[in-house]
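**Q** Can you look at this prediction? I've put the sequence above it.
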Amino acid sequence: MGDTSTPERRRHFRGKARAGRRIRVRYRARGSDAWLPAETRNIGIGGAFILDAVLATKTEIDVEIDVAGRETPLRLGGEVRWSADGKGSDPIGVGVQFLDVDIDVLLELNSYLATLTGTDPVEP
């Protein structure tokens, strides 16, 4: 996917439209049967910050998002890249990078995110 280590590349990769975006999701660590409800903050096609999740860095996870008009949720695989313990400016949660997601799923996610209007309310 290329180098996303510089601030300029990260801004380009993430895009401005994701800042503050909150939606309901479900997630689970790979190998677990237990889906946990959560909210995101700053979700885009590259990844998301999942509020209140406590997972170790490098944990592989699955994330599901219900999209209106779709029979099954969008499922995205990812990996925890960093975590916040709530002691700094970020609330408790984990930063997840979506990995190896089918391009059609990414396009559908991008279209869905484009329909969301607010940044503060949690979208259904």
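**A** Perfect, thanks for sending it.
**Q** When you work out contacts or count neighbours from here on, use the C-alpha atoms and nothing else.
**A** Fine.
**Q** Helix, strand, or coil at the residue nearest the centre of the chain?
**A** When C-alpha atoms, centre = their mean is applied to the chain, the residue found nearest the centroid is Ala48 (2.6 Å). Three-state call for Ala48 (DSSP: H, G, I helix; E, B strand; the rest coil): strand.
**Q** so it touches Gln97, yeah?
**A** Yes - using C-alpha atoms under 8 Å, Ala48 is in contact with Gln97, at 6.7 Å.
**Q** which residues does the closest residue to Trp82 other than its chain neighbours contact?
**A** Nearest in space to Trp82, with sequence neighbours left out and distances taken as C-alpha to C-alpha, 6 or more residues apart in numbering, is Gly95 at 5.2 Å. Gly95 is in contact with 47-50, 80-83, counting by C-alpha atoms under 8 Å, 6 or more residues apart in numbering.
**Q** average pLDDT for the helix or strand encompassing Leu76?
**A** Leu76 belongs to strand 74-84 when assigned by DSSP states H and E. Throughout strand 74-84, pLDDT has a mean value of 96.
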